[in-house]
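S.K.: from the sequence below, what's the structure:
(chains A and B)
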Amino acid sequence: MLVIALCKGRFLEPSLAALEKAGIRFPEDVATSRKLIFETEDKRFRAILVKPVDVATYVEYGAADVGIAGRDVIMESRADLLQPLDLNFGQVKIAIAGPKGSSSIDGSDHPTVRVATKYPRITLDYYNARGIPVEIIPLSGSIELAPLIGLADRIVDLVETGRTLKENGLEVVEVIAESTARLLVNRAGYQTKRDEVLQLITSLEKVVQCGSST
Amino acid sequence: MKAYTQIPPGTQILIGRAAQHRRALERTICSVFEGWSYEEIIPPIFDYYDVFVKGMGTGPEEQIYRFIDREGNILALRPEFTSLVAKTVATRLAAAAKPIRLFYSGEVLRFEKPKGGRQREFSQVGIEHYGGESKTADVETLLIAVEVFEKIGIKGFQINLGSVDFFGGVVDRMELPESQIAELKEVLNVKDQPGLESLLSKLSLADRRKKILRAIPHLTGGKNVIQEARELVRNPRSVEALNHLEEIYMIFERLDLAQHLTIDLGEIRGFDYYTGILFRAYVRDMGFEVASGGRYDGLPGQFGEDLPAVGFSFSLDRLQQIVAPNLKSIGAESPAVKVDNGFEKALELRRSGKAVKLCL
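M.R.: Residues are numbered from 1 along each chain as shown, chains lettered A, B, ... in the order given. From the prediction side, this is the model:
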């Protein structure tokens, strides 16, 4: 049996849709049920529902053989796993934003730029690579608030349409990376459950190709 | 000041059955090594920092526990055994008859995130084979790894075999700057197809070369992989690597062990010192590798003696998690005799070879 870790939340529906097109159907209504574990009728696949940030952990430790999560999650977790496939949904940008009119990624009024974010590692790596002293202010939500009330000079967050930023008087200063949903595979599972894993990759690959051609 | 009750992160304490299992596992594995005529080497727990940097390269240096002695020398707690053994072989054993076969067992220390049952202080057992003909030495090493799995009762294991020379031969021809080779390795290491595509679009390479790089993540499986790879490359270094892997694979087929071997030409991770084959072993129900090894011909030369070298190490901490349920019988040979009537009786029983437990 292959264990698949799926994100609760906005990724769940497109993940289930992709799996269904690949022939993996869960008889129960995964999206509305309160259960966290689901199995296909033939018992070949088991889905577990976890928080997006935890998907990489489940897969890295082998508690799940494969998983579907955004690239942002993988970059932030630095988990050691295989990421063979872009599933082409959940497009967002990981971006640095600041108050409207900000032209640089460092707020030059301060010797150290203060950045509020849910992505402390991505942020630190990005600023370190550019030699800019940075103070990370870790927040877990309402990141846009931080520059408005003087808690931070910049934020690093996911930007989908940019509407939330705009409504809060912020704008993107620089895009760190593009992120989409990725298929993650545990390194050991790739070797010890090779046929099952390769079959899943191949059928999802076909789903992605069909999706992009229509 | 931390409370004295706190355990420093990355350390652990083994007592009771955990300690018994650990020693039983260690003895079983070491007896396999002895069975193949390997002799034990017990190196020091610390050495000069430079010894390890010579061995492991500069990549993992931030993981090394360093300290300064009273004369100002920089020392390091051993983060692995291979560099220490190479130093000894190249110096003290320089005149010894070849091949030299050595095994070790002990703790190593790395400042890294504890993962998969492996702490910052963890236990390795492994072998080093110096100065032998490369094909026979590679096969011998792999066969010993297989026997270890058999002796400790693990059935579903896979040895993932690659070669740094296949990828090396491919990139040699491309004349790319170091930074781009590093980027290529990074995306290939995680089989990141989209990442590879976006990198390839930035590189000005002939289509034939791009085709090889695109194929690398998929060049994994049985003997057919070697055939597929042959159709892609012509450079002598890669071709030689394929010949070598094929010979090993055929010997494993003849010995009826090929089902445990997976060829993986996308397997290019590891310390800088690897020069030929490279392998990692995986076990069902364990998300992390339990053993890794390969060939490092350049390493003894770093210490003044050019010798071919190959070896591997097993992670005892990870193996123990998998095999502990099968080790129930250990330590139950003959229960101790309870002695409640004096030291004389206890001594008498001990002299006759019985286990005793004083209840005076």
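
S.K.: the nearest residue to residue B:180 once chain neighbours are set aside: how many residues sit nearby?
M.R.: Leaving out its chain neighbours, the residue that sits closest to residue B:180 by C-beta to C-beta, 6 or more residues apart in numbering or on different chains is residue B:203, at 6.7 Å. All C-beta atoms are positioned from the backbone trio N, CA, C, and that covers glycine. By other C-beta atoms under 10 Å in any protein chain shown, 14 other residues sit near residue B:203.

S.K.: domain ranges for chain A?
M.R.: The record's domain parsing of chain A by automatic domain parsing lists A:2-90+A:180-213, A:92-179.

S.K.: any stretches of chain B with poor pLDDT?
M.R.: Chain B contains residues with pLDDT under 70 at B:1, B:57-59, B:270-271, B:326-333.

S.K.: make it 50
M.R.: Residue ranges of chain B with pLDDT under 50: B:331.

S.K.: hmm, the helix or strand containing residue B:314 touching chain A?
M.R.: Using DSSP states H and E, residue B:314 sits in strand B:309-315. No. Applying C-beta under 8 Å from any C-beta of the partner chain, one finds strand B:309-315 separated from chain A by no less than 12.5 Å.

S.K.: same thing with stretch B:107-127?
M.R.: Yes. Interface with chain A: stretch B:107-127 contributes B:115, B:116 (C-beta under 8 Å from any C-beta).

S.K.: paired strands for the longest strand along chain A, with orientation please.
M.R.: As assigned by DSSP state E, the longest strand anywhere in chain A is strand A:170-179. Using DSSP bridges, strand A:170-179 pairs in its sheet with strand A:92-99 (antiparallel).

S.K.: list of residues touching the strand it pairs with?
M.R.: A:70, A:72, A:75, A:105, A:107, A:115, A:119, A:122, A:126, A:144, A:147-148, A:153-160, A:165, A:169-180 (C-beta atoms under 8 Å, 6 or more residues apart in numbering or on different chains).

S.K.: swap in 6 Å and give it another go.
M.R.: Outside strand A:92-99, the residues that touch it by C-beta atoms under 6 Å, 6 or more residues apart in numbering or on different chains are A:72, A:105, A:147, A:154-156, A:158-160, A:165, A:170, A:172-179.

S.K.: ok, stretch A:65-85 next?
M.R.: Against stretch A:65-85 from outside (C-beta under 6 Å, 6+ apart): A:2-7, A:15, A:52-53, A:55-56, A:59-60, A:90, A:94, A:119, A:121-122, A:179, A:181-186, A:189-190, A:193, A:201, A:204, B:190-193.

S.K.: gap between the closest residue to residue B:264 other than its chain neighbours and residue B:20?
M.R.: In this structure, residue B:264 finds its nearest non-sequential neighbour in residue B:220, 4.2 Å apart by C-beta to C-beta, 6+ apart. Distance, residue B:220 to residue B:20, using C-beta to C-beta, to the nearest Å: 39 Å.

S.K.: next one: residue B:290
M.R.: Taken as C-beta to C-beta, the span from residue B:290 to residue B:20 is 20 Å.

S.K.: same deal with residue B:160?
M.R.: According to C-beta to C-beta, residue B:160 and residue B:20 sit 31 Å apart.

S.K.: quick one, which of the two is more surrounded?
M.R.: Shown here are residue B:160 and residue B:20; by other C-beta under 10 Å, residue B:160 has more neighbours (24 against 16).

S.K.: before we move on, the earlier item: tell me the most buried of the domains of chain A?
M.R.: Among those, the stretch with the highest mean neighbour count (mean count of other C-beta atoms under 10 Å in any protein chain shown) is domain A:2-90+A:180-213, at a mean of 19.

S.K.: tell me the mean pLDDT for it?
M.R.: In this model, domain A:2-90+A:180-213 has a mean pLDDT of 92.

S.K.: need the contact list for the residue in the stretch 201-350 of chain B positioned nearest to chain A.
M.R.: Here the stretch 201-350 of chain B gets closest to chain A at one residue, residue B:287, 2.0 Å apart by C-beta to the nearest C-beta. Neighbouring residues of residue B:287 by C-beta under 6 Å, 6+ apart: A:61, A:62, A:186, A:188.

S.K.: could you redo the last one with a cut-off of 7 Å?
M.R.: Going by C-beta atoms under 7 Å, 6 or more residues apart in numbering or on different chains, residue B:287 touches A:60, A:61, A:62, A:186, A:188, B:116.

S.K.: over to it. Which of the three states is it?
M.R.: Following DSSP: H, G, I helix; E, B strand; the rest coil, the label given to residue B:287 is coil.

S.K.: just give the nearest non-adjacent residue to it, would you?
M.R.: Going by C-beta to C-beta, 6+ apart, residue B:287 has residue A:62 as its nearest residue, at 2.0 Å.

S.K.: any idea where the helices of chain A begin and end?
M.R.: Listed in chain order, the helices of chain A (DSSP state H) span A:12-21, A:52-60, A:71-77, A:120-129, A:145-148, A:163-167, A:187-192, A:194-213.

S.K.: which residue is nearest the middle of chain A?
M.R.: Note on chain A: the residue nearest the mean C-alpha position is residue A:70, at 2.3 Å, using C-alpha atoms, centre = their mean.

S.K.: tell me how far it lies from residue B:144.
M.R.: 43 Å.

S.K.: what's the answer for residue B:113, then?
M.R.: For residue B:113 relative to residue B:144 (C-beta to C-beta), the value is 30 Å.

S.K.: who has more neighbours out of these two?
M.R.: The neighbour comparison of residue B:113 against residue B:144 (other C-beta under 10 Å) goes to residue B:144, with 23 against 10.

S.K.: ok, that one touching residue B:30?
M.R.: No. At 11.5 Å, residue B:144 does not count as touching residue B:30 under the criterion of C-beta atoms under 7 Å.

S.K.: just to be sure, residue B:145 is in a helix?
M.R.: Yes. With three-state DSSP as the criterion, residue B:145 is part of a helix.

S.K.: list the contacts of it.
M.R.: B:159, B:281, B:291, B:312.

S.K.: please repeat the previous calculation with a cut-off of 8 Å.
M.R.: The contact partners of residue B:145, taken as C-beta under 8 Å, 6+ apart, are B:159, B:279, B:281, B:291, B:293, B:312, B:314.

S.K.: what's the closest of these to residue B:273?
M.R.: Nearest to residue B:273 among these, counting by C-beta to C-beta, is residue B:293 at 11.4 Å.

S.K.: which SS class is that closest one?
M.R.: Taking three-state DSSP, the label given to residue B:293 is strand.

S.K.: tell me the spacing between the residue lying closest to it once chain neighbours are set aside and residue B:137.
M.R.: Distances taken as C-beta to C-beta, 6+ apart put residue B:312 closest to residue B:293, at 2.4 Å, once the chain neighbours are dropped. Separation of residue B:312 from residue B:137 (C-beta to C-beta) stands at 12 Å.

S.K.: and if you look at residue A:207?
M.R.: 46 Å.

S.K.: sorry, back to before: turn the helices of chain A into JSON lines, including distance to residue B:40.
M.R.: Listed next are those as JSON lines, based on distance: least, C-beta to C-beta, whole Å:
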{"stretch": "helix A:12-21", "distance to residue B:40": "52"}
{"stretch": "helix A:52-60", "distance to residue B:40": "34"}
{"stretch": "helix A:71-77", "distance to residue B:40": "40"}
{"stretch": "helix A:120-129", "distance to residue B:40": "42"}
{"stretch": "helix A:145-148", "distance to residue B:40": "59"}
{"stretch": "helix A:163-167", "distance to residue B:40": "64"}
{"stretch": "helix A:187-192", "distance to residue B:40": "30"}
{"stretch": "helix A:194-213", "distance to residue B:40": "36"}
